[in-house]
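Enquirer: All I have is the shape, not the residue letters:
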């Protein structure tokens with residue numbers, strides 16, 4: 001059998017995929033949150049989705065502290081992580097090279113990454129895993145953000 005349409009090879013930066021949503025369209029939905037938004041609204045529900053590429057996130061409440069652990073600081077090749085007198089750490093975002101080596105080094109998972117580059121096939125595999133909910137509820141996939149039109153080719157291929 002001849003294939004008329006080739007599979008899209010687009011990739012996009014995904015912030016999150018949320019399962020079993022009942023608030024973003026009819027029925028039970030899977031929401032694909034894309035990264036990137038130029039608006040920078042003060043009331044943004046997803047400010048971590050504003051930057052278009054993967055970015056370093058830090059949860060100070062999970063951090064063991066620089067006096068007990070300083071693996072992130074030692075691992076950072078650009079010197080963007082510094083210890084504060086309080087025992088917490090500070091990240092110089094302008095110096096950060098986004099290598100994310102600190103994420104791997106952090107034993108408490110206080111460091112993590114917002115955003116992941118995914119292919120259309122990868123996203124659809126996750127979304128289609130919820131297929132049983134869609135047929136019974138009339139639901140489906142919702143594309144959200146950020147702003148999906150910041151990644152127009154990916155959004156179109158995903159649809």
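Expert: Now that the structure is in, tell me what you want to look at. Remember, predicted model here, so these are calculated numbers, not experimental data.

Enquirer: Enumerate the positions of the lengthiest helix in the chain that are buried.
Expert: Longest helix in the chain by number of residues (criterion: DSSP state H): helix 120-128. Residues of helix 120-128 classed as buried: 120, 123, 124, 127 (neighbour count, 16 or more other CB atoms under 10 Å). For glycine as for every other residue, the C-beta is placed from the backbone atoms N, C-alpha and C.

Enquirer: for stretch 63-80, same thing?
Expert: In stretch 63-80, counting by 16+ other CB under 10 Å, buried: 63, 65, 66, 69, 71, 72, 73, 75, 76, 80.

Enquirer: Stretch 125-145 too?
Expert: 127, 130, 133, 134, 139, 140, 141, 142, 143, 144, 145.

Enquirer: where in the chain is pLDDT low?
Expert: For the chain, the stretches flagged by pLDDT under 70 are 1-8.

Enquirer: in it, which spans are strands?
Expert: With DSSP state E, the ranges of strands along the chain come out as 11-21, 29-34, 55-58, 81-83, 89-91, 111-114, 116-119, 140-144.

Enquirer: looking at these, which is buried most?
Expert: Looking across those with neighbours counted as mean count of other CB atoms under 10 Å, the highest average goes to strand 29-34: a mean of 23.

Enquirer: List of residues touching it?
Expert: 12-22, 24, 46, 49, 123, 126-127, 130, 134, 139-148, 150-151, 154-155, 158 (CB atoms under 8 Å, 6 or more residues apart in numbering).

Enquirer: returning to what we had before: ok, so of the buried residues of helix 120-128, who is nearest residue 99?
Expert: The shortest approach to residue 99 among the buried residues of helix 120-128 belongs to residue 123, at 24.8 Å (CB to CB).

Enquirer: wait, the closest one sits on residue 155?
Expert: No: checked against CB atoms under 8 Å, the pair residue 123 and residue 155 is beyond contact range at 10.8 Å.

Enquirer: returning to that earlier point: farthest-apart pair in the buried residues of stretch 63-80, please.
Expert: So, the buried residues of stretch 63-80 by CB to CB: farthest apart are 65 and 80, at 18.1 Å.

Enquirer: From residue 17, how far out is residue 135?
Expert: Relative to residue 17, residue 135 is positioned 19 Å away (CB to CB, to the nearest Å).

Enquirer: now do residue 24
Expert: In this view, residue 24 and residue 17 are 12 Å apart by CB to CB.
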